[in-house]
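Visitor: model the structure of this input:
(2 chains)
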2 protein chains.
Amino acid sequence: MAPQIYVCVTCRSAGEPDTEPRPGMLLAEATEQAAAGTDVIVRRLRCLAKCTRGRSVAMRCNGSWTYIFGGLDTADAGALVEGATLLAGASDGILPWRERPDVLKRNLIARVPPIDFMESDL
Amino acid sequence: MAPQIYVCVTCRSAGEPDTEPRPGMLLAEATEQAAAGTDVIVRRLRCLAKCTRGRSVAMRCNGSWTYIFGGLDTADAGALVEGATLLAGASDGILPWRERPDVLKRNLIARVPPIDFMESDL
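Guide: Here you go, the predicted model:
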């Protein structure tokens, strides 16, 4: 499976006026543009239920951990695509810490293991 | 796939002294006890990268959305198992809002769609 970025298109930042297009939709469009010509698939969806830290995305590949980021800006679209490409190349399914763009360190909300993940020693 | 609850066993709450066993491990044990005799599978893991809102779990079933909760207490173990059972019974893969225990409303951090999810009209 190609790396996928799910972008919440209903997101607005706290305190922002409720204008159209929503900031989340603008982030989706910017990410789609940044992903053009790459293997990264950008999918729009409604609501990752993380509205208090809005403009949010989830990112994953086949067999990888899923990463959830929040508090994003349209200027972060390139970093998202860069991160998804990094994740696709990670044989252990974990987004490398050092190499990832700074915004993917600062704005990480949570990560979730792949289906049927088991720690080997717990 | 039976409903699964992943419990971070390395979690401690912000400001708590770093004692052993970690609060996350205690939550894992309480959840395992609450799940005894049910279909719910409890898996221990290290770090969902959500340390600022610690004692955290992820929950999902086959084909369902994945739900991430934080700021939990061992007293919430029963509610986690109840929620996982609700999710397993949800034909649309979405944890019902009304019926879910209150802590699964208040302490929701994010939700992530199933693999290859596509909004039908976006």
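
Visitor: hmm, A:Glu119 is touching B:Arg44, no?
Guide: Yes: A:Glu119 is in contact with B:Arg44 according to Cβ atoms under 8 Å; the separation is 6.2 Å. Glycine gets a C-beta too; all of them are placed from N, C-alpha and C.

Visitor: let me see the ranges of the strands in chain A.
Guide: A:4-8, A:41-45, A:57-60, A:66-69, A:108-112 (DSSP state E).

Visitor: not counting its neighbours along the chain, what's nearest A:Asp39?
Guide: Ranked by Cβ to Cβ, 6 or more residues apart in numbering or on different chains and with sequence neighbours excluded, the top spatial neighbour of A:Asp39 is A:Ala2, at 4.7 Å.

Visitor: burial of the one you found, as a residue count?
Guide: A:Ala2: 12 surrounding residues under other Cβ atoms under 10 Å in any protein chain shown.

Visitor: where's the closest residue to A:Gln4 other than its chain neighbours relative to A:Thr31, distance?
Guide: Nearest residue to A:Gln4, sequence neighbours excluded (Cβ to Cβ, 6+ apart): A:Ile41, at 4.8 Å. Applying Cβ to Cβ, to the nearest Å, the value for A:Ile41 to A:Thr31 is 10 Å.

Visitor: which parts of chain A sit against chain B?
Guide: A:1, A:6, A:9, A:43-50, A:56, A:58, A:60, A:62, A:66, A:68, A:70, A:108-113, A:115-119, A:122 (Cβ under 8 Å from any Cβ of the partner chain).

Visitor: pLDDT below threshold where in chain A?
Guide: Chain A contains residues with pLDDT under 70 at A:13-16, A:50-52.
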